[in-house]
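*Asks:* Pasting the sequence and the predicted coordinates here, then a few questions.
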Amino acid sequence: MVEEDIYKGYRGAAKKKLKEFGVKVWSDVIIKSTRGIFKGIILPRAETEDDQHIVLKLHNGYNVGIKINSIKSVEEVGYKEGHYKIPESEFPRNSKKPNVTLFGTGGTIASRLDYRTGAVIPAFTPGELYGAVPELAGICNLKTEKLYGIFSENMGPEQYITTAKAIGREIENGVDGIMIGHGTDTMHHTGAILSFMVQKPPVPIVLVGSQRSSDRPSSDAALNLINATRTAAYCDIAEVMVCMFGPTSDQYNLLHRGTRVRKMHSSYRSTFRTIGDIPLATVTPTEFKYLRKDYNKRRKDRDVIIDTAFEEKVAIVYYYPNMLPDMIESLIDHKYKGIVIAGTGLGHVNKPLYKPLKRAIDEGIAVYMTVQTLWGYVQMYVYDTGRDLLKIGVVPAENMLPEVAYMKLCWALGHTSNLEEVKKIMLTPIAGEITEREPHNGYIILQGGIPEVDEFVGKYMR
């Protein structure tokens, strides 16, 4: 075995420390350090990481980095040779079960921990998914297709268009439901644009991912995939949806409308929530509970509108105090065709931006106002600032979320550059992106640390 494989990713002082104690990557070890005793498997490291830590996969499933200058001794008690392939079994098919297609866009849809090595093995083919999450075989006949393999932050119009066309093709082929495995960071952006590119589908279209990988005891990957598969196979809601954890426990998943959902926490499993409205439904491995009635219902026809228009030269500007005019002027000079502003309060920016915003609109750039509060409507007629911006030609985007307004403006400008036509498209609801009102329970934020709130939350978060 070559040295690169023995010390994969380790360099400098960390590599020297491994050599000193005669251990290597995949060694099962007991490390005694000034911080305590650690038992686990030495994992590879990325070559760009520092050379001051050795990383262990602990026997409880979590990873820990141990600083090399704290290590007193390392004892090898075994060695686990890495295996990177999930054993495949043929996915059982049953003509009485629905047919579901899972599109892969990148990342790990599901995975299984190789307990001999501590490695996380990605699963994607039907046979691999059956090996990783055998419950799927009891739900549907599963077909998988990898569209591309990228991190979600690298999603863009090429991927959106490819995905929308693939959805149209599968609907035409008679599939009963579609899942899209997707990284969580920009899942709400993709949910928004697909809601405009894929209109009036006859079957559910479900985006699903995981906040925590399958090598962690608290992983949400398997349950998210099970519930998303049930949704695609049996749910009555034929819309673009996001299926992710509801509460922090594994009680149920929520189905969020693609235009009203947002990732709200960097690491919580229950990070996604519906903003300014309520979710469509809850789903468990055994039942659906529909929370509202105003959704597009599943149909038997194969009719769907696939409209993949997209203009790339659109930007979101998150306003902050003392923002200088050159922020807007730069977008004008670089020939941007649309600007979405996330303004303060009811939709405000400072006076120095008035002149460049007027110049932008005079030069044919579509400028729309949203609110960075996320909840609530743009109401620019209340204060002088808002009325001045309305006079300039800035258009209030009702209660569209900034990311949704951005995606819709990209889509609208893909059809026309006529500002009146763009305005008509933007302010005509298509997929619930604008609501007539926000329900009383569409905005609930409980402040932790207050006795009565802690008592209430303690009943559900343990």
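*Replies:* Yep, that arrived.
*Asks:* Work out for me the element the most centrally placed residue in the chain sits within.
*Replies:* For the chain, the residue nearest the mean C-alpha position is Thr184 (2.2 Å; CA atoms, centre = their mean). Thr184 belongs to no helix or strand when assigned by DSSP states H and E.
*Asks:* got it, and Gly127?
*Replies:* Here Gly127 is assigned to helix 126-132, by DSSP H and E.
*Asks:* Tell me how far that helix lies from the chain's centre.
*Replies:* 23 Å (CA atoms, centre = their mean, to the nearest Å).
*Asks:* now for that helix, which elements pack on it?
*Replies:* Applying 3 or more CB pairs under 8 Å, 6 or more residues apart in numbering; DSSP states H and E, one finds that helix 126-132 contacts strand 110-114, strand 119-123, strand 141-146. In short, each C-beta sits where N, CA and C put it, glycine included.
*Asks:* For stretch 420-430, buried residues please.
*Replies:* Using 16 or more other CB atoms under 10 Å as the test for burial, stretch 420-430 gives 422, 425-427, 430.
*Asks:* and what of stretch 387-402?
*Replies:* Judged by neighbour count using 16+ other CB under 10 Å, the buried positions of stretch 387-402 are 388-389, 392, 394-402.
*Asks:* How about stretch 232-250?
*Replies:* 232-235, 237-246, 248, 250.
*Asks:* So of those residues, which two are at opposite extremes in space?
*Replies:* The span of the buried residues of stretch 232-250, defined through CB to CB, is set by Ala238 and Thr248 at 29.3 Å.
*Asks:* just the buried residues of stretch 232-250: which has the poorest pLDDT?
*Replies:* Note: of these, the lowest pLDDT belongs to Thr248, at 80.
*Asks:* There's contact between that residue and Ser267 in this structure, I believe.
*Replies:* No: look at Thr248 against Ser267 with CB atoms under 8 Å: they stay out of range, at 11.1 Å.
*Asks:* ok, Ile444 to Ile278 distance?
*Replies:* 10 Å (CB to CB, to the nearest Å).
*Asks:* And for Ser33?
*Replies:* Taking CB to CB, one finds Ser33 at 50 Å from Ile278.
*Asks:* I'd assumed Glu76 was in contact with Val23.
*Replies:* Yes: at 5.0 Å, Val23 counts as touching Glu76 under the criterion of CB under 8 Å.
*Asks:* In terms of packing, which of those two has more residues around it?
*Replies:* Val23 (21 against 14; other CB atoms under 10 Å).
*Asks:* Am I right that Arg262 is in a helix?
*Replies:* No: counting by DSSP: H, G, I helix; E, B strand; the rest coil, Arg262 falls outside a helix, being strand.
*Asks:* Show me which residues of stretch 289-300 are buried.
*Replies:* Under 16+ other CB under 10 Å, the buried positions of stretch 289-300 are 295-296, 298.
*Asks:* Name the helix or strand for Ile37, please.
*Replies:* With DSSP H and E as the test, Ile37 turns up in strand 36-42.
*Asks:* could you point out which element follows that strand?
*Replies:* strand 53-58.
*Asks:* the inter-axis angle of that next one versus strand 36-42?
*Replies:* 80 degrees (axes from the mean of the first three to the mean of the last three CA atoms, to 10 degrees).
*Asks:* so what secondary structure elements neighbour strand 53-58?
*Replies:* By 3+ CB pairs under 8 Å, 6+ apart, strand 53-58 packs against helix 12-20, strand 27-33, strand 36-42, strand 63-67.
*Asks:* Any chance of these in a markdown table with mean pLDDT as columns?
*Replies:* Output for these, formatted as a markdown table (pLDDT from 0 to 100):
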| stretch | mean pLDDT |
| --- | --- |
| helix 12-20 | 93 |
| strand 27-33 | 95 |
| strand 36-42 | 93 |
| strand 63-67 | 92 |
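*Asks:* Next, format those as TSV and append distance to Leu142 and mean neighbour count.
*Replies:* Below are the helices and strands packed on strand 53-58 laid out as TSV (distance: least, CB to CB, whole Å; neighbours: other CB atoms under 10 Å):
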stretch	distance to Leu142	mean neighbour count
helix 12-20	42	16
strand 27-33	35	19
strand 36-42	32	18
strand 63-67	31	16
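*Asks:* quick one: least confident helix or strand in this structure?
*Replies:* None of the helices or strands of the chain scores lower by mean pLDDT, DSSP states H and E than strand 110-114, at a mean of 60.
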